[in-house]
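Participant: quick check, what structure comes out for this input:
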Amino acid sequence: MESEASESQASVYTEMGIGIGPGDEFGLNEVHAYLTDKLKRLSVVIDKYHSSEDNNPVPQVRGDLQQLLKYKISFVSCLSQQLRRLHPQEWVRFSAHVQLDVIAGLKKEVQDLKSLLSVCEKQLHEDKNELADLEEKIKHLDEMYVERQRNPEVYEMDSLLPVQKSLSVEFNKHRRELQNDMIEKIFPGDNNYLVDFLQVLTKAYFDDESSDPYVNLEDQYHCLEMLLEADIITRHPHDFNKFRLTNFLQ
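Facilitator: Residues are numbered from 1 along each chain as shown. Predicted coordinates:
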């Protein structure tokens with residue numbers, strides 16, 4: 001062990017340029033001078049690295065710039081999300097542009113929440129007014145219902161009498177028109193023509209030998225429509241002026 005320590009000490013002395021022969025003597029002044037000189041030389045080297053532009057050269061950008069910008073935004077966003085969960089005193093671990101991004105995002109969220117709050121307050125005010133109107137209507141209907149329950153017969157008669165009276169007035173007003181004018185419009189003048197063309201249709205239906213019992217009828221259109229709706233007669237599929245009796249035996 002003593003020999004190893006002696007060798008190590010000898011190597012240090014050799015590096016310092018101090019002799020360790022039997023007749024050589026050295027002191028602390030020589031050691032201090034050597035260390036001071038070495039510190040100066042190291043400081044020069046460090047300053048050289050600090051001032052060198054190639055100390056940490058920026059690599060050449062390769063690839064799509066838009067894609068790189070996208071990666072940068074994603075990276076900053078990731079850092080922002082992490083920063084949001086930290087206490088503000090811990091923000092010093094992140095760069096200034098990340099902190100600014102977080103602050104801008106928080107301001108935007110606050111502004112969006114203010115806008116949403118304004119809309120919600122307006123909608124709440126409208127809903128309160130509508131609710132007040134509905135409550136007033138419900139209160140009025142409840143009062144009407146309670147009053148009707150107290151005197152149901154009176155309110156039943158009161159509600160039916162105006163309707164009955166109005167119906168009676170209207171019926172008496174239009175009774176003559178219903179009995180005379182309307183019937184006259186549907187069957188004007190002599191109604192023997194209705195019997196006549198029904199007889200013609202019946203005769204054609206029973207006397208037909210060519211499977212074509214259609215008869216040409218061009219007059220009294222309103223009567224024809226009435227008979228068509230009642231399914232008493234049938235119109236020819238190609239000639240709209242020809243009709244026949246509906247085949248009741250099929």
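Participant: contacts, neighbours, all on C-alpha from now
Facilitator: Will do.
Participant: what's the spacing between Tyr167 and Lys173?
Facilitator: For residue 167 the amino acid is Leu, not Tyr. Separation of Leu167 from Lys173 (CA to CA, to the nearest Å): 10 Å.
Participant: what helices or strands is the longest helix along the chain leaning on?
Facilitator: Longest helix in the chain, counting residues (DSSP state H): helix 96-150. Using 3 or more CA pairs under 8 Å, 6 or more residues apart in numbering; DSSP states H and E as the contact test, the elements touching helix 96-150 are helix 65-84.
Participant: least confident secondary structure element in the protein?
Facilitator: The weakest-scoring helix or strand in the chain, judged by mean pLDDT, DSSP states H and E, is helix 2-16 (a mean of 46).
Participant: Ile232 and Leu245, how far apart?
Facilitator: According to CA to CA, Ile232 stands 6 Å off from Leu245.
Participant: who has more neighbours, those two?
Facilitator: Leu245 (23 against 15; other CA atoms under 10 Å).
Participant: can you point out the buried residues in the strand or helix carrying Leu224?
Facilitator: In the assignment (DSSP states H and E), Leu224 maps to helix 221-229. Using 16 or more other CA atoms under 10 Å as the test for burial, helix 221-229 gives 224, 228.
Participant: quick one, phi psi at His236?
Facilitator: Note on His236: its backbone torsions stand at phi -60, psi 140 [degrees, to the nearest 10].
Participant: which residues touch it?
Facilitator: 214, 242-244 (CA atoms under 8 Å, 6 or more residues apart in numbering).
Participant: need those in JSON lines (columns: secondary structure and distance to Lys139).
Facilitator: JSON lines is the format used below for the contacts of His236 (DSSP: H, G, I helix; E, B strand; the rest coil; distance: CA to CA, whole Å):
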{"residue": "Tyr214", "secondary structure": "coil", "distance to Lys139": "70"}
{"residue": "Lys242", "secondary structure": "strand", "distance to Lys139": "67"}
{"residue": "Phe243", "secondary structure": "strand", "distance to Lys139": "65"}
{"residue": "Arg244", "secondary structure": "strand", "distance to Lys139": "66"}
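Participant: this completes my enquiry, with thanks.
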